[in-house]
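> Structure, please.
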Amino acid sequence: MDDKFRAGFWRLADPKISITSAASMAIGASLAAGHGGFSWSWLLVLGLAMFCMEVAKNAWGDVYDFDSGTDLAVKPEDRTEFSGGKRVLVDGILTRRQTWGIAFGAGGAGLVLGALVVFGREPAVFWLGALGLALGWSYHGPPLQLAYRGLGELDVVICYGPIIALSTYVVMTGEYAAGPVWLSLPLGALIAAFLWVNEFPDYHADLGAGKNNLVARLGKPRAALVLPIIYLAGFALLAALPVATGMPEWILLGFLALPPAIMAVYWTLRDPQQFHRHKPVQPAALLAFVLYSVGVSCGVLIGG
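Residues are numbered from 1 along each chain as shown. Modelled structure (predicted):
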């Protein structure tokens with residue numbers, strides 16, 4: 001493995017993006033922590049499967065965004081660590097064949113690990129895994145290409161909210177339950193908010209390439225006004241859960257996410273055109289969903 005290939009692989013692996021699946025897994029695992037069947041070993045296997053699929057998704061996404069022209073059109077001053085794609089093809093780090101090789105290799109490893117979980121631990125998780133795989137592919141991949149049709153944000157809410165959290169819970173307990181769904185829906189909203197602010201730097205490139213995500217469809221000023229609504233929906237649902245579901249009030253530790261969310265909203269509203277060039281809105285949005293996951297997971301464990 002030469003240095004260039006290694007650099008390209010690790011750019012596609014991008015550990016900070018894998019935080020999204022880890023955040024959702026943490027919620028499912030915390031709810032299952034008191035179950036007699038809880039297994040750290042199987043949780044590790046599931047985490048490795050998720051990581052492999054994240055690498056594969058990043059790889060095939062980079063190919064499709066390169067082919068559409070959106071990554072090629074991102075101006076240097078609009079590139080950030082969180083947007084503009086992984087750019088392994090744009091920067092000439094990997095060839096197209098190498099990128100697809102990583103996509104199939106990592107995807108194959110993820111499928112093998114997923115099959116190990118299904119057949120060696122819990123068959124009931126099969127349909128959740130199949131749905132997650134279909135939605136993960138369809139974010140960039142044909143025929144649906146949800147990110148190009150204004151449905152990518154909903155895809156993210158579903159995948160990084162209920163699907164991963166509930167899958168984790170089912171693998172740990174062998175049972176389906178409503179708790180992981182309710183508690184992960186606000187997380188899905190906060191991760192969608194992270195995606196939302198990541199779409200601003202790519203706005204002109206996406207619009208020109210026909211990648212009609214919701215920010216491209218709305219335009220930056222109107223999209224900035226939607227950001228607080230996304231956060232409000234997530235936090236309002238969290239506030240209602242102790243009363244509506246009987247979950248412990250300790251889950252309200254998820255409001256630890258509120259300060260960085262407020263900062264992300266404030267900076268976005270102040271300068272929707274160029275906030276990414278001078279304000280850490282994207283790191284703040286990432287911190288918000290991480291703190292939500294940490295807060296509610298700790299709350300479940302303390303209140304359980």
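
> can you pull out the helices in the stretch 201-304 of the chain?
203-209, 214-218, 220-245, 258-270, 275-278, 281-303 (DSSP state H, counting those that start in this stretch).

> Point out the most buried one among those.
Comparing those by mean neighbour count (mean count of other C-beta atoms under 10 Å), helix 281-303 ranks first with a mean of 22. To be clear about C-beta, it is placed using only N, CA and C from the backbone, and glycine gets the same treatment.

> Next, the angle helix 258-270 makes with it.
160 degrees (axes from the mean of the first three to the mean of the last three C-alpha atoms, to 10 degrees).

> hang on, the earlier thing: please convert the helices of the stretch 201-304 of the chain to a markdown table, extending it with mean pLDDT.
Formatted as a markdown table, the helices of the stretch 201-304 of the chain follow (pLDDT from 0 to 100):
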| stretch | mean pLDDT |
| --- | --- |
| helix 203-209 | 93 |
| helix 214-218 | 96 |
| helix 220-245 | 97 |
| helix 258-270 | 98 |
| helix 275-278 | 94 |
| helix 281-303 | 97 |
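
> mind checking which of those is nearest L116?
Between L116 and the helices of the stretch 201-304 of the chain, the tightest spacing by C-beta to C-beta is seen for helix 281-303, at 25.2 Å.

> Against which helices or strands is that closest one packed?
Of the remaining helices and strands, those touching helix 281-303 by 3 or more C-beta pairs under 8 Å, 6 or more residues apart in numbering; DSSP states H and E are helix 15-32, helix 179-199, helix 220-245, helix 258-270.

> hang on, the earlier thing: now render the helices of the stretch 201-304 of the chain as TSV, adding distance to V117.
Converted to TSV, the helices of the stretch 201-304 of the chain look like this (distance: least, C-beta to C-beta, whole Å):
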stretch	distance to V117
helix 203-209	35
helix 214-218	33
helix 220-245	27
helix 258-270	33
helix 275-278	38
helix 281-303	21
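
> one step back: with distance to A285 as added columns, please give the helices and strands packed on helix 281-303 in CSV.
Compiled in CSV, these are given as follows (distance: least, C-beta to C-beta, whole Å):
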stretch, distance to A285
helix 15-32, 11
helix 179-199, 4
helix 220-245, 9
helix 258-270, 5
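
> hmm, back to that, out of the helices of the stretch 201-304 of the chain, which comes closest to A177?
Between A177 and the helices of the stretch 201-304 of the chain, the shortest separation by C-beta to C-beta is 10.7 Å, and it involves helix 220-245.

> how much does that closest one deviate in direction from helix 281-303?
Computed by the same axes, to 10 degrees, the angle between helix 220-245 and helix 281-303 is 0 degrees.

> Taking their axis directions, helix 220-245 and helix 179-199 sit at what angle?
Taking the same axes, to 10 degrees, one finds that helix 220-245 is oriented at 170 degrees with respect to helix 179-199.

> Low-confidence bits of this structure, can you list those?
Across the chain, the stretches falling below the confidence threshold (pLDDT under 70) are 1, 17.

> try 80
Counting by pLDDT under 80, the low-confidence segments of the chain come to 1-3, 15-18, 304.

> Distance of L301 relative to L237?
Between L301 and L237 the computed distance is 20 Å (C-beta to C-beta, to the nearest Å).

> what does G34 give?
Taking C-beta to C-beta as the criterion, G34 is separated from L237 by 24 Å.

> and if you look at T20?
18 Å.

> for V125, same thing?
Distance of V125 to L237, computed by C-beta to C-beta: 25 Å.

> show me what contacts A264?
In this structure, A264 makes contact with A193, V197, L227, Y231, V281, A284, A285, A288, judged by C-beta atoms under 8 Å, 6 or more residues apart in numbering.

> And these, which two are furthest apart?
For these, the maximum inter-member distance is 12.5 Å, found between Y231 and V281 (C-beta to C-beta).

> What count of nearby residues applies to A32?
Residues within reach of A32, counting by other C-beta atoms under 10 Å, total 24.

> If you could redo that for A257, that was the one I meant.
Quick note: A257 (other C-beta under 10 Å) scores 28 neighbours.
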